[in-house]
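>>> Generate coordinates for the sequence data below:
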Amino acid sequence: MQVVLISGLSGSGKSIALNVLEDSGYYCVDNLPAPLLSHLVGHLRAEEHELVAVAVDMRGGSSIAALPPQLRKLEAEGVTLRFVFLDARDDVLSTSSSLPPSSKKHKTKAISGSLLVSLKVESVLVLLTKLI
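Now for the predicted structure:
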């Protein structure tokens, strides 16, 4: 089984990437809470799905910290993992035409009041997650 994990900043194209993979025969799930990844993979393996793509990101909140141990478990079970991280320039991310409606209610926007500052906060959180 091959699992592609897609992550990236809000508005960078994760949903578009999932749509392309779905058109290519992948079973796709968007915005999966990280603690559910191994359960999803187990279920899809039992259903004999070989190609799976999952978008995980900061919308999952603090549950993203559960991801590294699950990835180690999946690798130990023989799952081939691929990672795609999508990014874009700030001027692209901050234009309303590139952002999905959910990004306009960005999780960190309540802290800063600004979408651009929220995207910067998200960038730092993503960087910290990569270090886990």
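>>> which stretches of this protein form strands?
2-8, 27-29, 51-55, 80-86 (DSSP state E).
>>> which one of those strands lies closest to residue 72?
strand 80-86 (9.9 Å; Cβ to Cβ). Backbone N, C-alpha and C define where each C-beta goes, glycine included.
>>> re the thing from before, I'd like the strands of the chain as JSON lines, with mean pLDDT appended.
As requested, those are arranged in JSON lines below (pLDDT from 0 to 100):
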{"stretch": "strand 2-8", "mean pLDDT": "91"}
{"stretch": "strand 27-29", "mean pLDDT": "97"}
{"stretch": "strand 51-55", "mean pLDDT": "95"}
{"stretch": "strand 80-86", "mean pLDDT": "89"}
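>>> would JSON lines of the ones you listed with distance to residue 35 and mean neighbour count be doable?
What follows is those, written out as JSON lines (distance: least, Cβ to Cβ, whole Å; neighbours: other Cβ atoms under 10 Å):
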{"stretch": "strand 2-8", "distance to residue 35": "14", "mean neighbour count": "21"}
{"stretch": "strand 27-29", "distance to residue 35": "14", "mean neighbour count": "18"}
{"stretch": "strand 51-55", "distance to residue 35": "13", "mean neighbour count": "22"}
{"stretch": "strand 80-86", "distance to residue 35": "17", "mean neighbour count": "13"}
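>>> Which of the ones you listed sits closest to residue 38?
Here strand 2-8 is closest among the strands of the chain (Cβ to Cβ), at 10.2 Å.
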